[in-house]
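Enquirer: the sequence and its predicted three-dimensional model are supplied below.
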Amino acid sequence: MKYLLMGGESSSILVHGFSWLYAILSMILRNLLSITKTSMKRILAYSSKGQIRYVLIGIIVGDSNDGYASMITYMLFYISMNLGTFACIVLFGLRTGTDNIRDYAGLYTKDPFLALSLALCLLSLGGLPPLAGFFGKLYLFWCGWEAGLYFLVSIGLFMSVLSIYYYLKIIKLLMTRRNQEITPYVRNYRRSPLRSNNSIKLSMTVCVIASTIPGISMNPILAIAQDTLF
C-alpha cells in the first residue's frame, strides 16, 4: 500500500510537471508562430491556440483558489472574442476576396464599423483593459499567482504583452489614411448586399458586445461558474 501511494504521488508530480512544460512551450511557440504569418486567418489561428493555452493555468490550479471557475469564465470570454474576430475576417474576405494582412490597410476609411469591431475583438483577445479579455485573464492569472505558479503566470503575462503589441500593429494598419499603404482591395471596397452577409454581421455584432460589456459584470459571471462547479 505504501509503494502504491508513493507511485501515485510520483505520477501526480510527473503529470503536474508535464502540464507546466506543455503550457509554457505552447504559449511561447503559438504566439511566436503567429507573428510570422501574413494571412489573417492563419495569424488568428496560431494566436488563438496560444491564447487557449492560458486555461491550463486554471487546470493546474484545480479546485483550490477557484482555478476551474476562472478557467470557465475565461473560456466564455475567449469564445466570444474569437468568434467575433473570425466573423470580421470572414466578412472582409467575402467583400474583397483577400485574406492578406496588408490588404486590411485603411479599412477604417471605407467601413468604420467593421474596422472598429475587429479592433475591439483583437484588443480584448490581447487582454487590454477595460475589455472582457482583460478581466478574464486577470482573474485566471491571479488564481495561478495565489497558487504559487509564479513562473507560469509571468510567461503568460509576457505573451499577453507580446500579443497586444502585435494586435496594435494590425489596428494601426486598419486605421491608416496613407494612400500609398492602401491597396486596391480597400480602394474598391464594396459592401455586399447578400443576406448571408447580414447574418454574419449580426453574429459579429453580438460577439463584439459580448467581448466588451461582460468585463463590467465579472463578479456575477464568476458567481454562476462557482455555483455550477461547487
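Expert: Looks like it came in fine.
Enquirer: and the helices in the chain?
Expert: For the chain, the helices defined by DSSP state H occupy 2-35, 40-52, 55-61, 67-96, 107-110, 112-126, 132-146, 150-175, 184-187, 195-212, 218-229.
Enquirer: got JSON lines for those helices, with mean pLDDT too?
Expert: What follows is the helices of the chain, written out as JSON lines (pLDDT from 0 to 100):
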{"stretch": "helix 2-35", "mean pLDDT": "50"}
{"stretch": "helix 40-52", "mean pLDDT": "75"}
{"stretch": "helix 55-61", "mean pLDDT": "80"}
{"stretch": "helix 67-96", "mean pLDDT": "87"}
{"stretch": "helix 107-110", "mean pLDDT": "90"}
{"stretch": "helix 112-126", "mean pLDDT": "91"}
{"stretch": "helix 132-146", "mean pLDDT": "87"}
{"stretch": "helix 150-175", "mean pLDDT": "85"}
{"stretch": "helix 184-187", "mean pLDDT": "85"}
{"stretch": "helix 195-212", "mean pLDDT": "81"}
{"stretch": "helix 218-229", "mean pLDDT": "68"}
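Enquirer: save these as JSON lines, and put in mean neighbour count too.
Expert: Any C-beta I mention is one placed from the backbone N, CA and C, and that applies to glycine too. Output for those, formatted as JSON lines (neighbours: other CB atoms under 10 Å):
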{"stretch": "helix 2-35", "mean neighbour count": "13"}
{"stretch": "helix 40-52", "mean neighbour count": "20"}
{"stretch": "helix 55-61", "mean neighbour count": "21"}
{"stretch": "helix 67-96", "mean neighbour count": "22"}
{"stretch": "helix 107-110", "mean neighbour count": "20"}
{"stretch": "helix 112-126", "mean neighbour count": "23"}
{"stretch": "helix 132-146", "mean neighbour count": "23"}
{"stretch": "helix 150-175", "mean neighbour count": "17"}
{"stretch": "helix 184-187", "mean neighbour count": "16"}
{"stretch": "helix 195-212", "mean neighbour count": "16"}
{"stretch": "helix 218-229", "mean neighbour count": "14"}
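Enquirer: so which residue is dead centre in the protein?
Expert: Centroid-nearest residue in the chain: Leu125, 3.3 Å away (criterion: CA atoms, centre = their mean).
Enquirer: please verify my assumption that that one contacts Ile52.
Expert: No: using CB atoms under 8 Å, Leu125 makes no contact with Ile52, being 10.7 Å away.
Enquirer: okay, and the common contacts of those two?
Expert: Tyr78 (CB atoms under 8 Å, 6 or more residues apart in numbering).
Enquirer: distance check, Phe86 against Thr176.
Expert: Computed as CB to CB, to the nearest Å, the Phe86 to Thr176 distance reads 23 Å.
Enquirer: before we move on, what about Leu125?
Expert: Look at Leu125 and Thr176: by CB to CB, they are 21 Å apart.
Enquirer: next one: Gly156
Expert: Gly156 sits 31 Å away from Thr176, going by CB to CB.
Enquirer: and for Gly62?
Expert: Taken as CB to CB, the span from Gly62 to Thr176 is 46 Å.
Enquirer: the two: who's more crowded?
Expert: Using other CB atoms under 10 Å as the criterion, Gly62 and Thr176 rank with Thr176 on top: 18 against 14.
Enquirer: contacts only, for that one.
Expert: Neighbours of Thr176 in contact, by CB under 8 Å, 6+ apart: 105-106, 108, 182.
Enquirer: try 10 Å
Expert: By CB atoms under 10 Å, 6 or more residues apart in numbering, Thr176 lies in contact with 104-109, 182, 186.
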